[in-house]
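J.: build the 3D model from these lines:
(one chain, ligands or ions: 1)
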Amino acid sequence: MAEAGGQQLTHLDELVSLCASRGYISPSSEIYGGINGFWDYGPLGVELKNNVKARWWQRVVRERADVVGMDSAIISHPRTWDASGHTEHFSDPMVDCRACKKRFRADQLEEIGPCSAREGSSEHDLTPPRNFNLMLETRIGASEDAASIAYLRPETCQPIFTGFKRVREAARQKIPFGIAQIGKAFRNEINPRNFTFRSREFEQAEMEFFCHPDEREKWFEHWCEERMRFHRELGFGPDSLRTRAHSADELAHYCKNAVDIEFRFPFGWQEIEGIHDRGDWDLSRHSEYSGKALAVTGEDQKERFMPTVVETSVGIDRLCLALLANAYAVEELEGGESRTVLHLHASIAPIQVAVLPLSKKLAESAHALESGLRRRFNVFYDDAGNIGRRYRRQDEAGTPFCVTYDFDSPEDQQVTVRERDTMKQERIAIEGVAEYLREQLDCAG
Ligand code: ATP
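T.: Now for the predicted structure:
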């Protein structure tokens with residue numbers, strides 16, 4: 001990984017420009033000047049994101065008998081957000097500068113920089129803070145009255161709580177068990193910033209684990225360990241990841257215990273995932289607001305109790321940003337040259353293997369190799385430019401393996417496989433390439 005050597009990322013700017021030029025991430029509606037807090041994922045970005053989501057789903061849902069999945073609508077019945085407390089409490093304190101007219105979060109004033117509109121003073125002329133609700137509103141149907149207002153969900157977990165009874169019965173699950181979901185969430189952030197770190201539209205992967213109140217601590221520990229293991233397996237080094245327990249005054253009013261998994265971004269340590277002991281707040285409130293009984297009967301068939309919930313909540317976009325920042329390095333090579341490389345973990349790299357014929361004259365055989373590999377891997381074919389430059393392009397894209405088909409290949413039926421991180425080259429039989437890659441990628445999995 002990037003910590004092995006070379007110069008690591010110190011400012012986001014280099015990564016932002018690489019992401020745009022290589023087709024990872026770029027501003028949404030770019031030809032109109034972009035729209036603040038919204039991002040588009042290009043050909044490499046969507047592969048990275050899909051790989052990360054697939055890995056999360058594999059670890060959290062498919063490998064476990066006690067977690068099932070769901071995919072709910074983005075818009076819920078508006079009462080959902082009254083019950084969850086979002087209508088009343090989901091707000092950040094906001095201030096306006098009367099001079100430059102900019103708007104800031106009152107709890108992030110140390111980061112706002114000087115005022116551009118006040119002569120003789122760089123200080124902003126700030127209004128007193130007031131609460132700003134972060135839910136994005138929309139309207140449903142043709143009427144424009146108050147009853148038509150709905151919200152784009154600010155977190156993916158609430159439909160898990162409202163769907164709890166249905167999913168539990170349909171999946172024939174007993175407590176303890178979990179429900180997981182990956183999907184879009186929307187927050188009208190006052191100050192979107194740090195690239196995709198704080199966006200207005202983003203994806204969350206959340207899992208709500210329902211257990212008996214006597215077992216809440218055990219499951220909280222379990223999920224803290226599981227989630228940390230997940231991140232470590234993606235190649236984060238020991239110095240780039242840490243856990244941070246919330247102090248009592250940081251905890252949400254319904255939350256009994258919370259731990260953040262933080263990554264050392266170029267702009268400081270910041271949360272990528274939260275693990276929360278939410279108690280029975282959500283189920284109790286939805287039970288109260290809907291009038292439906294959500295308590296369950298215990299194993300002994302006598303005790304009735306409201307399950308308590310341990311939640312794991314990771315932002316997919318934030319995780320992708322952390323993975324890219326962690327992977328980015330500029331390395332000195334022999335002869336005074338340097339390369340920019342993304343040391344992405346092979347299991348999530350957008351392209352797994354590039355097929356590079358040394359000459360266009362070798363295209364027919366190289367294409368045959370390419371189409372064979374496409375059945376099992378995500379392959380990129382490139383026959384343009386000198387081979388050194390093609391390797392550099394794949395290094396920047398984070399491709400773990402390049403296979404070069406050269407003028408000896410038709411004779412000896414061998415190709416050269418070049419590994420991204422070590423740049424070591426190995427000559428292997430063409431018929432063994434797929435197996436070789438499978439072994440290497442499995443090892444990385
Ligand atoms: P923060 O304090 O950074 O706003 P939060 O504590 O409000 O985050 P949660 O509500 O716990 O975040 O959301 C869980 C996860 O969703 C976060 O760890 C983060 O990865 C992701 N997330 C939350 N808000 C955003 C956002 N505006 N843009 C991108 N990802 C986000």
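J.: write out the residues of this protein neighbouring the ligand.
T.: Applying CB under 6 Å from any ligand atom, one finds that the chain approaches the ligand through 155, 187, 189, 198-199, 202, 204, 271-274, 313-315, 317-318. For glycine as for every other residue, the C-beta is placed from the backbone atoms N, C-alpha and C.
J.: what do you get if the cut-off is 5 Å, keeping everything else the same?
T.: For the chain, the contact set with the ligand under CB under 5 Å from any ligand atom comprises 187, 189, 198-199, 202, 271, 274, 313, 315, 318.
J.: narrow these to those that are buried.
T.: 187, 189, 198-199, 202, 271, 274, 313, 315, 318 (16 or more other CB atoms under 10 Å).
J.: smallest gap between the chain and the ligand, at which residue?
T.: In the chain, the residue found nearest to the ligand is G315; the distance is 2.4 Å by CB to the nearest ligand atom.
J.: who's in contact with that residue?
T.: By CB atoms under 8 Å, 6 or more residues apart in numbering, the residues touching G315 are 202-204, 272-273.
J.: reformat those residues as a markdown table; add distance to H367, secondary structure and pLDDT.
T.: A markdown table is the format used below for these (distance: CB to CB, whole Å; DSSP: H, G, I helix; E, B strand; the rest coil; pLDDT from 0 to 100):
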| residue | distance to H367 | secondary structure | pLDDT |
| --- | --- | --- | --- |
| F202 | 39 | strand | 98 |
| E203 | 36 | strand | 98 |
| Q204 | 41 | strand | 98 |
| I272 | 40 | strand | 98 |
| E273 | 42 | strand | 98 |
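J.: could I get these as TSV with distance to G235?
T.: Converted to TSV, the contacts of G315 look like this (distance: CB to CB, whole Å):
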residue	distance to G235
F202	22
E203	21
Q204	22
I272	14
E273	16
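J.: for the stretch 251-400 of the chain, what spans make up the strands?
T.: Listed in chain order, the strands of the stretch 251-400 of the chain (DSSP state E, counting those that start in this stretch) span 257-265, 268-279, 296-297, 304-305, 308-315, 328-332, 338-342, 353-357, 379-381.
J.: okay, these, which one's buried deepest?
T.: Greatest average neighbour count among those goes to strand 353-357 (a mean of 26), per mean count of other CB atoms under 10 Å.
J.: what's the burial count for S359?
T.: The local packing of S359 (other CB atoms under 10 Å) involves 11 other residues.
J.: my read: it touches F407, true?
T.: Yes. Using CB atoms under 8 Å, S359 is in contact with F407, at 7.2 Å.
J.: can you show me the helices along the stretch 101-250 of the chain?
T.: Assigned helices in the stretch 101-250 of the chain, in chain order: 158-162, 164-170, 216-233 (criterion: DSSP state H, counting those that start in this stretch).
J.: please consider this matter closed, and thank you.
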